[in-house]
Every structure is written in C-alpha cells, then in structure tokens.
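Enquirer: need the 3D shape of this:
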Amino acid sequence: MKNVSYLLKLSSQGQLTLPRDLREQLQVKPGSRVTVVAAGTGTLKVSSQLPIEKYFGALRGAWTTDGQDAAEYTRRLRNAMQPKLDREQ
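Expert: Numbering: from 1, shown residues only. Next up, the predicted model:
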C-alpha cells in the first residue's frame, strides 16, 4: 500500500469526510467503524481494523486440561451445572 496524503476539512460538528479512493483502499462503507490513533503532534493513523481484531484466534488451542481445549472444558462444565430433568414423570 502506497503512502498518500489527503487534505480533509473538519466540519463545524467535528466530522471528517474520507475521500472515495481512501474509503475504497480501507474497504469501509457507511456504518463501518475505523480506528484512529493519535501518533504524535498533529499526526493521525487511520485503520479499518478494530484494535481487538488483531487478537482474534491468537490463543486458539493454547489452553488445555486433561486433553480438553477450553471450549470442550466449558461445554462439559456448563452441562454438569444444568439441572437434571427427571425422566420418570
């Protein structure tokens, strides 16, 4: 991705409009969320990736106990805590 500068005008409500080619480059549409980081005096970094998204899946398979992953452990624990139905009614 090449570095391109854009001159944006701040509205009276404090809003900025992203130019079409920048929206296309970031792959954002109306209603999309973007991350803006103040990277120094007068410098903003804009990203279409939300901060938490970079961590999604990072710990998959990292936790196991007795050969069970976290999802299986949680499923068994939840099932054990569910009230038992009396099937002899």
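Enquirer: and Ala38, what are its phi and psi?
Expert: With angles defined as degrees, to the nearest 10, Ala38 sits at phi -80, psi 110.
Enquirer: not counting sequence-adjacent ones, nearest residue to it?
Expert: Leu44 (6.1 Å; Cβ to Cβ, 6 or more residues apart in numbering). Where you see a C-beta, it was placed from the backbone N, CA and C, and this is true even at glycine.
Enquirer: so, low pLDDT: which residues of the protein?
Expert: 1, 51-65, 84-89 (pLDDT under 70).
Enquirer: what about the helices in the chain?
Expert: Secondary structure of the chain by DSSP state H: the helices cover 20-26, 70-81.
Enquirer: among these, show me which one is buried the most.
Expert: Mean neighbour counts were taken over the helices of the chain using mean count of other Cβ atoms under 10 Å, and the top value, a mean of 13, falls to helix 20-26.
Enquirer: other residues contacting that one?
Expert: Helix 20-26 has contacts (Cβ atoms under 8 Å, 6 or more residues apart in numbering) with 1, 4, 6, 18, 29, 34, 46-48.
Enquirer: for stretch 28-41, same thing?
Expert: The contact list for stretch 28-41 (Cβ under 8 Å, 6+ apart) reads 18, 23, 26, 44-51.
Enquirer: widest-spaced pair of those?
Expert: Arg23 and Pro51 (20.0 Å; Cβ to Cβ).
Enquirer: picking up where we left off before, the contacts of stretch 28-41 in strands, which ones?
Expert: Mapping the contacts of stretch 28-41 onto strands (DSSP state E) picks out 44-47.
Enquirer: ok so, going back, the residue nearest to Ala38: how many residues sit nearby?
Expert: 11 (other Cβ atoms under 10 Å).
Enquirer: enumerate every residue touching it.
Expert: Neighbour list for Leu44: 36-38 [criterion: Cβ under 8 Å, 6+ apart].
Enquirer: mind redoing it with 10 Å?
Expert: Going by Cβ atoms under 10 Å, 6 or more residues apart in numbering, Leu44 touches 8, 16, 36-38.
Enquirer: out of the residues you listed, flag the one nearest to Ala70.
Expert: So of the contacts of Leu44, ranked by how close each gets to Ala70 (Cβ to Cβ), first place is Val37, at 31.0 Å.
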